[in-house]
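Engineer: Here's a sequence, model it:
(chains A and B)
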Amino acid sequence: MNKNYSFEFNLSQSAHLDDDAFDELADAVHEAGCDDAMLSSQGNALTLSFDRESTSFYAAVVSAIHDLRRAQIGVRSIGPGDVVSAIEISKRCDVSREAVRQWTKQDIGFPPPNGRAGKSDLWSWSEISPWLMDRGQLKAEDVESAHEIAAFNLALSAIGNPKYKSIEKTIRAIKAA
Amino acid sequence: MRPKHPNKDIEAALKYAEENDWRYQSSGKSSHAWGKMLYPEKSREGCRLSVWSTPKSPVNHARQIIKKVDQCIHEAENDEEPSSNKEDD
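Structural biologist: Modelled structure (predicted):
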């Protein structure tokens, strides 16, 4: 049975496109079969916002990546991204920043941050989403999407990583200890 | 005066964009795009989105437009907030 899946692709192309080039890219996207996506740009960043009907999230994303590859359009990452600040958490959960502050400061099991940007703590969205679901902030399917997106982004960055061939070896080495 | 989009849901989304200071730009040579909407922003590079003449699902496309309009405005507001760089720790 088909369902609608929403996701965003951040495209590999990073040079700023003038308006004509942007229109040409839109045509290429449409001709690649992605008339279920909207092309947008902000500064140098190009994004395709999809609403794709498919049998699963996984199938929807893979089919979209394949469509774009035929048009030689590369996907750098899939959003919404996994690295989130407190502000981003408040936006995604539609709660106040103070509410997020309380979650992170109180001893209520909110996962610890795993990064920092200047003075801001950063969390992994796929790590905190099960906690948010238990608090009624997210649905089970949101948690599933978070994990699937994180897995896709791992795969995309592995493919783009010059050390890709040694990644399997590295995983074995870590597990062997 | 911009042309009116043939689909009522998309036309409503475009009106919403205009109410939020986005403006229309023609996609003259494009085969599939009806046009573009632009949000010129003072503190960072502006936003731009492409609107299809015949999207796969007009309802979904209208929703995509509205979501992007809200996203860009929200980010612009955060840029202007004096405390947005001082995260509470």
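Engineer: Can you point out the buried residues in stretch A:140-154?
Structural biologist: A:143, A:145, A:146, A:148, A:149, A:150, A:152, A:153 (16 or more other C-beta atoms under 10 Å in any protein chain shown). C-beta coordinates here come from the backbone N, C-alpha and C atoms, glycine included.
Engineer: hmm, it in reach of chain B?
Structural biologist: No - with C-beta under 8 Å from any C-beta of the partner chain as the criterion, chain B is not reached by stretch A:140-154; the gap is at least 15.7 Å.
Engineer: what's near enough to touch residue A:92?
Structural biologist: A:80, A:84, A:125 (C-beta atoms under 8 Å, 6 or more residues apart in numbering or on different chains).
Engineer: What's the separation between the second one and chain B?
Structural biologist: The span separating residue A:84 from chain B equals 12 Å under the rule C-beta to the nearest C-beta, to the nearest Å.
Engineer: What sits closest to residue B:10 if chain neighbours are left out?
Structural biologist: Leaving out its chain neighbours, the residue that sits closest to residue B:10 by C-beta to C-beta, 6 or more residues apart in numbering or on different chains is residue B:62, at 4.9 Å.
Engineer: What distance do you get for that neighbour to residue A:159?
Structural biologist: 34 Å (C-beta to C-beta, to the nearest Å).
Engineer: who has more neighbours, the two?
Structural biologist: residue B:62 (23 against 8; other C-beta atoms under 10 Å in any protein chain shown).
Engineer: wouldn't the more buried one be in contact with residue B:9 here?
Structural biologist: Yes - with contact defined as C-beta atoms under 8 Å, residue B:62 reaches residue B:9; the gap is 4.0 Å.
Engineer: ok, back up a step: report the lowest-confidence entry in the buried residues of stretch A:140-154.
Structural biologist: Lowest pLDDT of those: residue A:145, 89.
Engineer: Angles on the backbone of the residue most central in space within chain A, please.
Structural biologist: Chain A has residue A:79 as the residue nearest its centroid, 2.5 Å off, counting by C-alpha atoms, centre = their mean. Phi and psi for residue A:79, reported as degrees, to the nearest 10, are phi -120, psi 160.
Engineer: Quick check: the gap between it and residue A:150.
Structural biologist: Distance from residue A:79 to residue A:150, by C-beta to C-beta: 11 Å.
Engineer: Now, the buried residues of stretch A:140-154 that are in helices?
Structural biologist: Counting by DSSP state H, the buried residues of stretch A:140-154 place A:143, A:145, A:146, A:148, A:149, A:150, A:152, A:153 in helices.
Engineer: Need the residues you listed in JSON lines (columns: distance to residue B:50).
Structural biologist: What follows is those, written out as JSON lines (distance: C-beta to C-beta, whole Å):
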{"residue": "A:143", "distance to residue B:50": "32"}
{"residue": "A:145", "distance to residue B:50": "25"}
{"residue": "A:146", "distance to residue B:50": "28"}
{"residue": "A:148", "distance to residue B:50": "27"}
{"residue": "A:149", "distance to residue B:50": "24"}
{"residue": "A:150", "distance to residue B:50": "28"}
{"residue": "A:152", "distance to residue B:50": "24"}
{"residue": "A:153", "distance to residue B:50": "25"}
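Engineer: need the strands for chain B, in chain order.
Structural biologist: Assigned strands in chain B, in chain order: B:23-25, B:33-39, B:47-52 (criterion: DSSP state E).
Engineer: Among those strands, which comes closest to residue A:173?
Structural biologist: With C-beta to C-beta as the criterion, residue A:173 lies closest to strand B:47-52 of the strands of chain B, at 44.8 Å.
Engineer: which residues sit against the closest one?
Structural biologist: By C-beta under 8 Å, 6+ apart, the residues outside strand B:47-52 that reach it are A:19, A:22-23, A:26, A:30, A:35, A:38-42, B:5, B:10, B:14, B:22, B:27, B:32-39, B:41, B:61, B:65, B:68, B:72.
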